[in-house]
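[1] Please find the sequence and the predicted model below.
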Amino acid sequence: MSDTAPTRATRNSPDRRPLVTAPDLLSSLVPLLAEWVPRQRWFAGKGRLLTGFTLLSATELLPCTGDGTAPGLLQLLVRAQQSAPPSRTPAGGDCYQLLLGVHPAPAPQLAPAVIGRPGGGPLRGRTVYDALLDNRLCGLLLERLRVPGRLGGLRFCREADVDIPSGLPARPIAVEQSNSSIVYGDSFILKVFRRIEPGVNPDLELPRALADAKCARVPAPAAWFESATADESGEATTLGVLQPFLAGSADGWQLALNALAVRADFTGSARALGHATAEVHTALAQTLPTTELRRPQLDVIAAQMHQRLEATARAVPVLQPYRARLRTAFDELAAVGHDGRSWAAQRIHGDLHLGQTLRTADEGRWSLIDFEGEPARPLAERRRPQPAVRDVAAMLRSFDYAARSGPAGGDPWALEWARRTRDAYCLGYAEAGGLDPRSAPELMRAYETDKAVYEVLYEARHRPDWLAVPMAAIRRLAAGGVPAVGVDGSGPARSPGSDGRG
Ligand SMILES: Nc1ncnc2c1ncn2[C@@H]1O[C@H](COP(=O)(O)OP(=O)(O)O)[C@@H](O)[C@H]1O
Ligand SMILES: O=P(O)(O)O[C@H]1O[C@H](CO)[C@@H](O[C@H]2O[C@H](CO)[C@@H](O)[C@H](O)[C@H]2O)[C@H](O)[C@H]1O
């Protein structure tokens, strides 16, 4: 996506100036957005001053200044200007997608969605609200996705062989997430991406590649919408993806916590999840480019891990005392390359954890979702081939999270549960053709450390009460450098809510 001038909308009546080219549209919205955007979970710039917005593009999906009997629908891409951007922030600030409902007097049940009433500009006298909380406007988005083609700055695309019925009732999902998702009937789920980077989103790219490879472990995209114009590299920017909804499924995080609550074994489930992960990795390696990582690439990866550690230690001082010993994990990764060894790299999930897995109620079959990768990393980095072990290390962290934050709260039984569960996952992964993670201790330790560092920053920013969970892993990794597989992970632990030193 390039910083384009506001796009002309279609469907405007010929006798009025298109709303989206009205020069004062953004300026009238800025005071409202400055208040509302930083409060949204998907806002990635928490903790830094928001100094303004730039309008990158706007598309009127439904007329916003009609007679007021029907709501308008406006899609905007805005750049949020902030103080002291971290290195990952594109010049000028992060770009966000907003879908805004516009109505003189929205129904009372939309009160929680209200953003405000512009004091001037083309929307003066109307209420602007989050359209993704309005089931009627969400229904309209589905209708748009059913009919491929261009509308203003957007292009709607769909797979020809998928039947998307009209009129499915819409409901927003009520879970914590990085983007915004809407469920239609019990048939489809639409994820509207919030923080936008130019190019194809891996959450469209990888599931489409897996569908082509006939890998049934990932719901296949049915439709999507994207920027109508290509970016500098010739790619359209993905803005939303519709995929089949796995009705009645439960996510792995909840299943793991349920098991911990009744002190039940989880090794069978973990082993099956290991199978599913290996199947997805095998299909990705068969269908998308792979490479071999050796010196100097391993030096570069180790250097990036060092940088993330240093940046996180600056932002979260509780990490400072462990820096020197954690660094040895990254040095050992670089040493693999210096020894003349190499590692296969391929496209991976990139942010695998129990919350990204769904098990169907009827067949008990695991699926993986959300291939966006770690939201904090630049898109180009997320789309690079990486050792598959990185996903495995991330999942092992998730078992540790469950054992330390669940009802058993990190007691010795829970930590032993985590050890057995991790081993079962690795066993399943190796059985289904993946590399046995235990044969790659340097990679496992480096990636597990890197992930724990990422989690420290993530928790400090989003859920400070949970900081104790990754900090427990930081202490273990710093103390002995022992990878999570095949050790008991023992040591003092407290549940989330303690002071980060549990
Ligand atoms: N295909 C699906 N079927 C059923 N539920 C889904 C599906 N995809 C996502 N979900 C639910 O939506 C939640 C958010 O989806 P996710 O892709 O993780 O969004 P985000 O990237 O915004 O975090 C998941 O935790 C899961 O509960
Ligand atoms: O699901 P997202 O793409 O939004 O991922 C982010 O949020 C996750 C938490 O919701 C976070 O995962 C961390 O907490 C999980 C428990 O809530 C745990 O299972 C994971 O192992 C742990 O990393 C994820 O890191 C973040 O990117």
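    That came through fine. Ligands and ions are numbered 1, 2, ... in the order given.
[2] Show the pLDDT at Gly274.
    If you check Gly274, the pLDDT there is 97.
[3] what's it in contact with, if anything?
    424-432, 434 (C-beta atoms under 8 Å, 6 or more residues apart in numbering). Any C-beta I mention is one placed from the backbone N, CA and C, and that applies to glycine too.
[4] now stretch 454-463, how far from the chain's geometric center?
    In terms of C-alpha atoms, centre = their mean, to the nearest Å, the centre of stretch 454-463 is found 14 Å from the chain centre.
[5] Kindly report the same for stretch 396-405.
    The answer for stretch 396-405 is 19 Å, by C-alpha atoms, centre = their mean.
[6] anything in that stretch near ligand 1?
    No: Stretch 396-405 does not reach ligand 1 (C-beta under 6 Å from any ligand atom); its nearest approach is 12.9 Å.
[7] Same check on stretch 97-117?
    No: if you take C-beta under 6 Å from any ligand atom as the test, stretch 97-117 misses ligand 1, and the best it gets is 12.4 Å.
[8] ok, back up a step: just the buried members of the contacts of Gly274?
    Buried by 16 or more other C-beta atoms under 10 Å: 424-430, 432, 434, out of those.
[9] May I see the buried residues of the host helix or strand of Val392?
    Per DSSP states H and E: Val392 is located in helix 389-405. Neighbour-count burial for helix 389-405 flags 389-405 (criterion: 16+ other C-beta under 10 Å).
[10] Of all the residues in stretch 95-105, which ones are buried?
    Buried, per 16+ other C-beta under 10 Å, within stretch 95-105: 95-103.
[11] Strands - which of those residues land there?
    95-103 (DSSP state E).
[12] would JSON lines of these with distance to Glu381 be doable?
    Putting these into JSON lines (distance: C-beta to C-beta, whole Å) gives the following:
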{"residue": "Cys95", "distance to Glu381": "17"}
{"residue": "Tyr96", "distance to Glu381": "20"}
{"residue": "Gln97", "distance to Glu381": "21"}
{"residue": "Leu98", "distance to Glu381": "25"}
{"residue": "Leu99", "distance to Glu381": "27"}
{"residue": "Leu100", "distance to Glu381": "31"}
{"residue": "Gly101", "distance to Glu381": "35"}
{"residue": "Val102", "distance to Glu381": "37"}
{"residue": "His103", "distance to Glu381": "41"}
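[13] Using JSON lines, please lay out these together with pLDDT.
    JSON lines is the format used below for these (pLDDT from 0 to 100):
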{"residue": "Cys95", "pLDDT": "95"}
{"residue": "Tyr96", "pLDDT": "97"}
{"residue": "Gln97", "pLDDT": "98"}
{"residue": "Leu98", "pLDDT": "98"}
{"residue": "Leu99", "pLDDT": "98"}
{"residue": "Leu100", "pLDDT": "97"}
{"residue": "Gly101", "pLDDT": "97"}
{"residue": "Val102", "pLDDT": "95"}
{"residue": "His103", "pLDDT": "95"}
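[14] List just the nearest of those residues to ligand 1.
    The closest of these to ligand 1 turns out to be Gln97 (C-beta to the nearest ligand atom; 12.4 Å).
[15] Now for that closest one: which residues touch it?
    75-77, 192-194, 196, 239.
[16] Give the buried residues for stretch 230-239.
    Neighbour-count burial for stretch 230-239, counted by 16+ other C-beta under 10 Å, picks out 236-239.
[17] Tabulate the CA atom coordinates of whichever helix or strand comes after the helix holding Val392 in PDB.
    Tracing the chain past helix 389-405, the next element assigned as helix or strand by DSSP H and E is helix 412-431. Extracted in PDB, the C-alpha atoms of helix 412-431 (Å, rounded to 0.1, in the frame of the first residue of the first chain):
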ATOM      1  CA  PRO A 412       4.600 -28.800  41.500                       C
ATOM      2  CA  TRP A 413       1.900 -31.000  40.000                       C
ATOM      3  CA  ALA A 414       1.200 -28.400  37.300                       C
ATOM      4  CA  LEU A 415       4.900 -28.100  36.500                       C
ATOM      5  CA  GLU A 416       5.200 -31.800  36.100                       C
ATOM      6  CA  TRP A 417       2.000 -31.700  34.000                       C
ATOM      7  CA  ALA A 418       3.800 -29.200  31.800                       C
ATOM      8  CA  ARG A 419       6.900 -31.300  31.500                       C
ATOM      9  CA  ARG A 420       4.900 -34.400  30.400                       C
ATOM     10  CA  THR A 421       2.800 -32.400  28.000                       C
ATOM     11  CA  ARG A 422       5.800 -30.700  26.400                       C
ATOM     12  CA  ASP A 423       7.500 -34.100  25.900                       C
ATOM     13  CA  ALA A 424       4.300 -35.600  24.400                       C
ATOM     14  CA  TYR A 425       4.000 -32.600  22.000                       C
ATOM     15  CA  CYS A 426       7.600 -33.100  20.800                       C
ATOM     16  CA  LEU A 427       7.000 -36.800  20.500                       C
ATOM     17  CA  GLY A 428       3.900 -36.300  18.300                       C
ATOM     18  CA  TYR A 429       5.700 -33.700  16.200                       C
ATOM     19  CA  ALA A 430       8.600 -36.100  15.500                       C
ATOM     20  CA  GLU A 431       6.200 -39.100  14.900                       C
END
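[18] what angle sits between helix 412-431 and helix 389-405?
    160 degrees (axes from the mean of the first three to the mean of the last three C-alpha atoms, to 10 degrees).
[19] Quick one: list the elements packing against helix 412-431.
    helix 252-261, helix 267-287, helix 389-405 (3 or more C-beta pairs under 8 Å, 6 or more residues apart in numbering; DSSP states H and E).
[20] Can you say which of those helices is nearest to Asp331?
    Ranking those by proximity to Asp331 (C-beta to C-beta) places helix 389-405 first, at 17.3 Å.
[21] what's the closest one packed up against?
    helix 252-261, helix 267-287, helix 412-431, helix 441-462, helix 468-479.
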